[in-house]
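Q: could you work out the structure for the sequence below:
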Amino acid sequence: MAVYVDVVFAMNLMIDGSLLLMTAWIRDIRAVWWKVLAAAAIGASYVMLMFVPTLSFLFTFAIKFVLSLLMLWTAFGFASLQSFIRNVAAFYAVNFVAAGAVLGAHYMLQGRSEIWQGLAFIEGGVRAELKTGIVFVLSAVCIGLYIYRSVVRGRRERELLTDHLAEVSVFIGECERRCIGLIDTGNQLYDPLTRTPVMVMEASVWEDELPASWLGHIRQSQVDRLVAGISDEEPFKWQDRLRLVPYRGVNRGTRFMLALKPDSVCIERDGRREESRKVLVALDGGTLSADGAYRAIIHPSLVQQLHKAN
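A: As a prediction, this is how the structure comes out:
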């Protein structure tokens, strides 16, 4: 059987480079391309030694582990022992993900008979034979690393989002509505006449308090017609609390949001509570968060005291 050493070297160079780059991304390390290339070349060169029978003693766990340390030191340096240990942990986690992707994809694409043909029962266990092509290995590694990166990125975004979430309580008369809100420092929406800060909340939170036809009008941004069309046939108990707040739409045109003037709004976060009476609650007809993590956008001025307390 012919073995193309240059192809094996190139494949391992690409795989090792991808694993090191993924490790750098997870650890928030700014990777230097030539250092990563040098580290990947060390790993690929080590694989070439398996074609030299007299050097078989080098393929032990201890040697492999020392080699991985050398690769990480070459690629990222040694800032501190704690940082280096974390690099090692991240590197091995990425390797296990890549290896699992190859193994999982291999058995997922095989039929029952093919799986049995690749198994050999030996004394004390079972030996599995893995036959895959270079393209298959590279594809499985890339797909596995992409999925892993997506999961890690989603977790990071979730953690960042959680740091800006707070519980919102809106009081109007004897009515109270609670939900989770996102503190948006970029929200600079104010009522232009009174300079009252405006927070945004999903209209569905107030669904049982609003007339049946209102949600449709709010979703279609026809709130100006809605307010103008209020009549005795479809009365609204909080009519004196309704406000229209202008804002700039995506196309830079001026639109209006329907808002309620509550008695008070309370923001609770990390065991601290902030209450505000000068605030408007604008109603949004859509869904503010795709995964339902929050249902309100909190104006930053409503949590200034909470930030000072922290």
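Q: for the stretch 101-250 of the chain, give me the ranges with low pLDDT.
A: Residues of the stretch 101-250 of the chain meeting the criterion pLDDT under 70: 106-107, 109-134, 136, 224-225, 227-235, 249-250.
Q: would you map the strands across the stretch 51-200 of the chain?
A: For the stretch 51-200 of the chain, the strands defined by DSSP state E, counting those that start in this stretch cover 119-122, 125-128, 165-172, 175-183, 198-202.
Q: what's the most buried one of those strands?
A: strand 198-202 (a mean of 24; mean count of other Cβ atoms under 10 Å). In this view, the C-beta of every residue, glycine as well, is placed from N, C-alpha and C.
Q: just checking, what packs against the very next helix or strand once past that strand?
A: Sequence order places helix 214-219 as the next helix or strand after strand 198-202, per DSSP states H and E. Under the contact criterion of 3 or more Cβ pairs under 8 Å, 6 or more residues apart in numbering; DSSP states H and E, the helices and strands touching helix 214-219 comprise helix 223-228.
Q: contacts for whatever helix or strand Ala10 lives in?
A: Using DSSP H and E, Ala10 maps to helix 5-26. For helix 5-26, the external contacting residues (Cβ atoms under 8 Å, 6 or more residues apart in numbering) are 29-31, 36-37, 39-41, 43-45, 47-48, 51, 71-72, 75-76, 87, 90-91, 93-95, 98, 134, 137-138, 141-142, 145, 148-149, 152.
Q: list the buried residues in that helix.
A: 8, 11-26 (16 or more other Cβ atoms under 10 Å).
Q: quick one: mean pLDDT for it?
A: Mean pLDDT, helix 5-26: 86.
Q: check the offset of it from the chain's centre.
A: 25 Å (Cα atoms, centre = their mean, to the nearest Å).
Q: do the same with stretch 56-66
A: Worked out by Cα atoms, centre = their mean, stretch 56-66 lies 37 Å from the chain centre.
Q: going forward, the N-terminal residue is numbered 708.
A: In the new count, where the first residue is 708, that last one comes out as stretch 763-773.
Q: now the strands of the stretch 758-907 of the chain as a markdown table including distance to Leu987?
A: Formatted as a markdown table, the strands of the stretch 758-907 of the chain follow (distance: least, Cβ to Cβ, whole Å):
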| stretch | distance to Leu987 |
| --- | --- |
| strand 826-829 | 68 |
| strand 832-835 | 65 |
| strand 872-879 | 11 |
| strand 882-890 | 14 |
| strand 905-909 | 5 |
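Q: ok, Phe963 - contacts?
A: Contacts of Phe963 (Cβ under 8 Å, 6+ apart): Ser928, Val930, Asp931, Leu951, Val952, Pro953, Tyr954.
Q: same question but for Ile736, I mixed them up
A: Thr730, Phe783, Asn794.
Q: apply 7 Å and report the result again.
A: Phe783 (Cβ atoms under 7 Å, 6 or more residues apart in numbering).
Q: that older thread, among the contacts of Phe963, name the buried ones.
A: Buried members of the contacts of Phe963, counted by 16+ other Cβ under 10 Å: Val930, Leu951, Val952.
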